[in-house]
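In: give the three-dimensional model of this entry:
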Amino acid sequence: MGRMSRYVPEEGVLHVMCRGNNKQEVFHCDSDKLRYYSLIKEFKEENNVDIFHYCLMINHLHMIVKLILGSNLARFMKQLNLSYFNYYKSVYGYCGHLWQGRYKSPVIETDRYFLQCCKYVELNPVRAGLVKSPGEYEFSSYNHYAQGKPDSLITENPFFLQISDDPKKRRKVYAEFVVNNDVMKRKFPKRGRPFKNNGDRSIYSDLAEARGK
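Out: Model prediction:
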């Protein structure tokens, strides 16, 4: 039986996830992550794909992508992961499948869930115990939004731009939105999806609330 076709809207925002086969490491060092980063930059332009947020972990990655009319997500992901596989094979002498099945790309249908996903993506290194603060992790979009670090990969989150006309205030509010004491003290499960609505308002506060502080 053939696999089911994937639903990809012509326009919209999606949470793209890829994982190493059998959860194996796909990025062994910074050079590997830099190579994948450079490939994202190369192929996103060719395929009309915008990247709002991203995080390259050790055995998986996340991207929040925006599609418009003329975007080609399937070709983007094929070119990206095949090109990285060829690099990985040449560097490490690897044989076999590098990626675990097809990439996942659930559609983000509400503003609130969009904000939750952005927050979830940038907290991944904290959740995995790699760092104590997302600002300590180099290969994510967090330092662009929270610290103003230039990152030519990113198309800026429209909610971020609406926070304030003052760039410093915008970054401060964003950092408070992503990193707060309740979140940082929380013991994250080893597995799970972006924060489900369980009534914890400290976790589910959105940028509008942060902006009003």
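
In: contacts, neighbours, all on C-alpha from now
Out: Noted.

In: count of residues packed around the nearest residue to residue 131 once chain neighbours are set aside?
Out: Here the nearest residue to residue 131 in space, its sequence neighbours aside, is residue 125; by C-alpha to C-alpha, 6 or more residues apart in numbering that works out to 6.0 Å. With neighbours defined by other C-alpha atoms under 10 Å, the count for residue 125 comes to 24.

In: for residue 125, grab phi and psi.
Out: Its backbone dihedrals place residue 125 at phi -60, psi -30, with angles given as degrees, to the nearest 10.

In: any idea how far it is from residue 134?
Out: 7 Å (C-alpha to C-alpha, to the nearest Å).

In: please apply the same query to residue 145.
Out: 11 Å.

In: ditto for residue 23
Out: Residue 23 is 22 Å from residue 134, where distance means C-alpha to C-alpha.

In: what of residue 146?
Out: Using C-alpha to C-alpha, we find residue 146 at a distance of 10 Å from residue 134.

In: next: residue 89.
Out: Distance of residue 89 to residue 134, computed by C-alpha to C-alpha: 30 Å.

In: what do you get for residue 18?
Out: Residue 18 sits at a distance of 20 Å from residue 134 (criterion: C-alpha to C-alpha).

In: which one of those two has more residues nearby?
Out: Taking neighbours as other C-alpha under 10 Å, residue 18 and residue 134 compare with residue 134 leading, 25 against 20.

In: can you verify my assumption that that one contacts residue 126?
Out: Yes: in this structure residue 134 lies within contact range of residue 126 using C-alpha atoms under 8 Å: 6.2 Å.

In: how far is the strand or helix carrying residue 14 from where the chain is centred?
Out: Element membership of residue 14 [criterion: DSSP states H and E] is strand 12-19. A distance of 8 Å separates the centroid of the chain from that of strand 12-19, by C-alpha atoms, centre = their mean, to the nearest Å.
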